[in-house]
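1. predicted model follows, preceded by the sequence.
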Amino acid sequence: MKHVFVRAAMASLPLLAAYPALAQEGAESTSEKDDPIIVTPVSLHPAAGLMNEHTHDGGEFMIGLRYTRSRHAGSSQAGSDSISDADILAAGYTVKAQEMTMDMVMLDLMYAPNDKLTLMVMPHWMRHEMTMTGIDPMNTGTGAMDMGGMEMGHAHAGLPFGQSMTHSTRGFGDTLVSASYRLANTPKFKAHVTLGVWAPTGKADRKNPDGTFVHYMMQSGSGTWDVEPSITVSGRSGMVGWGVQASYRWRTESANESGFAFGDKAQASGWLSYLVDDGFSLTSRVTLEHEGQVLGHYNGPHNHRTPADRQENYGGDTLLVGLGANVALPFGGHERPQVGVELGVPVYQKLNGIQLPEDWRASISLSRTF
């Protein structure tokens with residue numbers, strides 16, 4: 001199924017690129033003042049999984065809700081190659097990750113005090129769930145006891161060969177506050193720069209019932225103040241929209257109060273969208289992500305029995321291909337509420353250390369401009 005999706009996504013890119021020649025002549029002849037194309041999802045929301053991708057006119061206010069789920073599963077990887085359980089055991093680990101899901105809910109609040117500047121506040125809520133499996137054939141114990149509401153506790157050392165356990169964390173994540181400045185804003189070409197600051201409103205000291213820190217990836221916050229500048233350029237030709245965005249999330253501190261800091265993250269995206277009609281568009285996107293490994297080390301009790309417990313097993317490079325759609329709901333007047341969906345799958349991953357690869361991620365958004 002994944003390979004069919006990937007082939008369809010890759011095939012859609014040259015297909016969309018050919019659409020300007022097929023666009024209806026009337027779409028270009030209509031005056032921009034009356035043409036609703038400038039407020040359609042093509043120009044406002046090219047992809048449901050992309051942040052800071054648009055700006056607003058002076059006096060406009062937007063409220064939106066965005067949900068993203070990602071799933072990591074399959075054979076563990078070292079670099080871009082699969083690694084066997086025997087090799088993970090030989091590397092000193094007795095337990096491996098079998099599956100992990102991350103749910104993220106974001107509230108978008110945007111306001112433009114004038115035509116040049118758009119302000120945004122985006123609080124996050126996070127949930128992480130991970131299933132672990134014992135891989136040491138020498139461990140034939142009876143298993144871990146139930147602890148603190150976890151399905152089978154967190155006693156990795158006592159997890160027998162072939163036995164699985166699931167545990168989770170949840171809570172508010174960090175809050176993004178950003179300001180976007182317009183460099184260009186015409187019906188056919190738009191550009192803006194954004195300066196974002198991530199406030200450490202999420203907890204970075206979550207612990208298991210036995211008092212040890214959870215895996216780094218299961219903390220709901222970073223515990224550091226982060227700065228994220230980005231630049232976005234977009235445009236349209238006939239029924240086709242296009243855009244590119246580059247961003248860099250810089251961790252301004254080398255360690256948080258728990259003793260570690262997540263790695264910096266760079267991202268570059270390019271997308272194409274095709275306007276089926278004034279209330280419906282299709283999107284395709286390619287994204288390259290690079291993330292550094294975790295820096296520092298937990299300054300309290302923690303485990304070293306799984307790859308997820310070690311900071312060198314974080315970060316790497318991912319190439320993601322996504323397909324989606326945007327729909328303007330048939331009510332609400334000129335500024336109709338908009339729904340966006342996007343499903344993406346990695347086509348290439350080169351991961352640091354030993355990690356569980358990402359399987360897919362999906363996003364859905366709902367927004368309304370006033």
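-> Ah, there it is. In this text, all values refer to a predicted model and were calculated from it rather than measured experimentally. Numbering: from 1, shown residues only.

2. please make it C-alpha for all contacts and neighbour counts, starting now.
-> Fine.

3. in the stretch 1-150 of the chain, where is pLDDT below threshold?
-> Applying pLDDT under 70 to the stretch 1-150 of the chain flags residues 1-45, 142-150.

4. please enumerate the strands of it.
-> Applying DSSP state E, counting those that start in this stretch to the stretch 1-150 of the chain gives strands spanning 61-73, 77-79, 81-82, 95-111, 117-122, 124-134.

5. mind putting the ones you listed in TSV, distance to residue 239 and mean neighbour count included?
-> Formatted as TSV, those follow (distance: least, C-alpha to C-alpha, whole Å; neighbours: other C-alpha atoms under 10 Å):
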stretch	distance to residue 239	mean neighbour count
strand 61-73	25	18
strand 77-79	41	19
strand 81-82	41	14
strand 95-111	27	21
strand 117-122	26	21
strand 124-134	34	20
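
6. looking at the ones you listed, which is nearest to residue 343?
-> With C-alpha to C-alpha as the criterion, residue 343 lies closest to strand 61-73 of the strands of the stretch 1-150 of the chain, at 9.7 Å.

7. given the closest one, what are its sheet partners and their directions?
-> Based on DSSP bridges, the pairing partners of strand 61-73 within the sheet are strand 95-111 (antiparallel), strand 358-369 (antiparallel).

8. now render those as a markdown table, adding distance to residue 348.
-> Formatted as a markdown table, these follow (distance: least, C-alpha to C-alpha, whole Å):
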| stretch | distance to residue 348 |
| --- | --- |
| strand 95-111 | 19 |
| strand 358-369 | 10 |
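
9. distance to residue 166 for the strands of the stretch 1-150 of the chain - can I get that in CSV?
-> CSV is the format used below for the strands of the stretch 1-150 of the chain (distance: least, C-alpha to C-alpha, whole Å):
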stretch, distance to residue 166
strand 61-73, 14
strand 77-79, 21
strand 81-82, 23
strand 95-111, 9
strand 117-122, 30
strand 124-134, 4
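
10. among the ones you listed, which comes closest to residue 367?
-> strand 61-73 (3.9 Å).

11. can I get the closest one as PDB, trimmed to CA atoms?
-> Extracted C-alpha coordinates of strand 61-73, given in PDB (Å, rounded to 0.1, in the frame of the first residue of the first chain):
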ATOM      1  CA  PHE A  61      -8.200  37.400  12.500                       C
ATOM      2  CA  MET A  62      -8.000  33.700  12.000                       C
ATOM      3  CA  ILE A  63      -8.700  30.800  14.400                       C
ATOM      4  CA  GLY A  64      -7.800  27.300  13.400                       C
ATOM      5  CA  LEU A  65      -7.400  23.800  14.900                       C
ATOM      6  CA  ARG A  66      -4.900  21.300  13.600                       C
ATOM      7  CA  TYR A  67      -4.300  17.700  14.400                       C
ATOM      8  CA  THR A  68      -1.300  15.500  13.400                       C
ATOM      9  CA  ARG A  69      -0.700  11.900  14.000                       C
ATOM     10  CA  SER A  70       2.600  10.100  13.100                       C
ATOM     11  CA  ARG A  71       3.400   6.400  13.500                       C
ATOM     12  CA  HIS A  72       6.800   4.800  13.800                       C
ATOM     13  CA  ALA A  73       6.900   1.000  13.100                       C
END
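
12. and the angle from that strand to strand 124-134?
-> With axes from the mean of the first three to the mean of the last three C-alpha atoms, to 10 degrees applied, the angle from strand 61-73 to strand 124-134 works out at 0 degrees.

13. ok, and what's touching strand 61-73?
-> 48-49, 98-112, 356-370 (C-alpha atoms under 8 Å, 6 or more residues apart in numbering).

14. for stretch 111-123, give me every contacting residue.
-> Contacts for stretch 111-123 (C-alpha under 8 Å, 6+ apart): 55-62, 106-110, 172-183.

15. residues in contact with residue 331?
-> Applying C-alpha under 8 Å, 6+ apart, we find residue 331 in contact with residue 337.

16. give me the distance between it and residue 111.
-> Noted for residue 331: a distance of 22 Å to residue 111, by C-alpha to C-alpha, to the nearest Å.

17. for the residue nearest to residue 265 when sequence neighbours are not counted, give me the pLDDT.
-> Ranked by C-alpha to C-alpha, 6 or more residues apart in numbering and with sequence neighbours excluded, the top spatial neighbour of residue 265 is residue 291, at 4.3 Å. Per-residue pLDDT puts residue 291 at 98.

18. residue 291 - how many residues pack around it?
-> Per other C-alpha atoms under 10 Å, the neighbour tally for residue 291 reads 20.

19. I figured it hits residue 250, correct?
-> No: contact criterion C-alpha atoms under 8 Å: residue 291 and residue 250 do not qualify, at 10.4 Å.

20. now do the shared contacts for these two.
-> Shared contacts of residue 291 and residue 250, defined by C-alpha under 8 Å, 6+ apart, comprise 264-265.

21. now residue 111: closest residue in space that isn't a chain neighbour?
-> Per C-alpha to C-alpha, 6+ apart, closest to residue 111 is residue 61, 4.5 Å.

22. got it, and residue 64?
-> residue 367 (3.9 Å).

23. again, but for residue 248
-> Nearest non-adjacent residue to residue 248, counting by C-alpha to C-alpha, 6+ apart: residue 266, 4.3 Å away.

24. list the buried residues for the helix or strand that contains the one you found?
-> Assigned by DSSP states H and E, residue 266 falls within strand 265-277. Neighbour-count burial for strand 265-277, counted by 16 or more other C-alpha atoms under 10 Å, picks out 265-275.
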